[in-house]
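1. Pasted the sequence and its predicted model underneath.
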Amino acid sequence: MDFQHLLLFLALALLAEVIGTVGGFGSSLLFVPVASYFFDFHAVLGITAFFHVASNLSKIALFRKGVDKKLVLQLGVPAVVCVIAGAWLSQKMDVRWLELALAVFLISLSILLLLTQHLALAPTRTNSFLGGSLSGLLAGLVGTGGAVRGATLAAFQLEKDVFIATSAIIDLGVDVSRSAVYAWQGYVQTEHLYVVGALVGVSVAGTWMGKKIVHRFSERQFRTAVLLLVLATGLYTLWQVLVSGYP
């Protein structure tokens, strides 16, 4: 990658990080499609995972005052188990089917929650387990499961700081786990290390900028913004699948 393309890539990564911080579900939803224009799919998975480790550490440091420990356990444990399985399966499955399923799911769920503002998932272990499991599996398989976790956490009506910090801690466990599997599978090569290093600085800057923006929202505006970002990502993912051809 030449210097001009590197600057463009880092600028887009910064934008993804800012939006991901405001949305509360991380940058991978926007970062994965961006990175796909510059790297092959398996490299994207590896780079995204390492990028997110730094990103989540930044979020935990900046939003550390709010964490829902119960949700961390209920969503985080199944998410970590399933992300390991998903990362292992990523070499063996046609991800286009998974991307199509993810797009349809995100569009349907976000529209449902936007049209019925008072609809919320019950804060049960079953819902937490299912949301954590699905988000982890998708993160391992296609590089992004944050929207599923974000939609689940949004339904639990958490305060903004609690939402972001809780999501970041869960995501940290997910990303450390899948980073190990991806590294073992050879997804990140030596020539990618300088990109990963540059993304560490991007993650800190983007998280800081996102924090400055997020506190300008009311609780209701924040929830709506999260769901709109989920909807936009679902539509974009569907468009990518259709442009590339049906699986």
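-> Received, thanks.
2. give the contact list for residue 152.
-> 75, 121, 127, 128, 131, 132, 135 (C-beta atoms under 8 Å, 6 or more residues apart in numbering). The C-beta positions use only the backbone N, C-alpha and C, and glycine is treated the same way.
3. separation between the residue nearest to the spatial centre of the chain and residue 92?
-> In the chain, the residue lying closest to the centroid (C-alpha atoms, centre = their mean) is residue 146, at 3.2 Å. Here the distance between residue 146 and residue 92 works out to 23 Å (C-beta to C-beta, to the nearest Å).
4. what do you get for residue 193?
-> According to C-beta to C-beta, residue 193 and residue 92 sit 26 Å apart.
5. Which of these two has more residues huddled nearby?
-> Using other C-beta atoms under 10 Å as the criterion, residue 193 and residue 92 rank with residue 193 on top: 12 against 7.
6. so which helix or strand takes in that one?
-> Under the criterion of DSSP states H and E, residue 193 resides in helix 193-214.
7. And the next helix or strand past that helix?
-> helix 219-244.
8. In that next one, which of the residues would be classed as buried?
-> By neighbour count with 16 or more other C-beta atoms under 10 Å, helix 219-244 contains the buried residues 222-227, 229-234, 237-238, 240-241.
9. what does stretch 74-86 give?
-> Those would be 74, 75, 76, 77, 78, 79, 80, 82, 83, 84, 86, for stretch 74-86 by 16+ other C-beta under 10 Å.
10. And those, which is closest to residue 52?
-> The shortest approach to residue 52 among these belongs to residue 83, at 11.2 Å (C-beta to C-beta).
11. now the closest one, what's its secondary structure?
-> Following DSSP: H, G, I helix; E, B strand; the rest coil, residue 83 is assigned to helix.
12. State the pLDDT value of it.
-> On pLDDT, residue 83 comes in at 91.
13. quick one, what contacts it?
-> Applying C-beta under 8 Å, 6+ apart to residue 83 gives the contacts 136, 137, 139, 140, 145, 174, 177, 178.
14. I'd like the distance between the second one and residue 82.
-> It stands for residue 137. 4 Å.
15. hang on, the earlier thing: buried sites along the helix holding residue 193?
-> 195-196, 198-200, 202-204, 206-207, 209-211, 214.
16. can you tell me which of those residues lies nearest to residue 185?
-> residue 196 (16.0 Å).
17. so what's that closest one scoring on pLDDT?
-> As predicted, residue 196 sits at a pLDDT of 85.
18. Hmm, it is touching residue 50, no?
-> Yes. Counting by C-beta atoms under 8 Å, residue 196 touches residue 50, with 4.8 Å between them.
19. tell me, what's touching those two both at once?
-> residue 188.
20. Tell me where this structure has helices.
-> Counting by DSSP state H, one finds helices in the chain at the ranges 3-23, 28-36, 41-62, 69-89, 95-115, 125-142, 146-155, 160-184, 193-214, 219-244.
21. one step back: in a markdown table, list the contacts of residue 152 along with distance to residue 42 and pLDDT.
-> A markdown table is the format used below for the contacts of residue 152 (distance: C-beta to C-beta, whole Å; pLDDT from 0 to 100):
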| residue | distance to residue 42 | pLDDT |
| --- | --- | --- |
| 75 | 27 | 89 |
| 121 | 34 | 60 |
| 127 | 32 | 79 |
| 128 | 31 | 83 |
| 131 | 26 | 85 |
| 132 | 25 | 88 |
| 135 | 21 | 86 |
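22. Thank you, goodbye.
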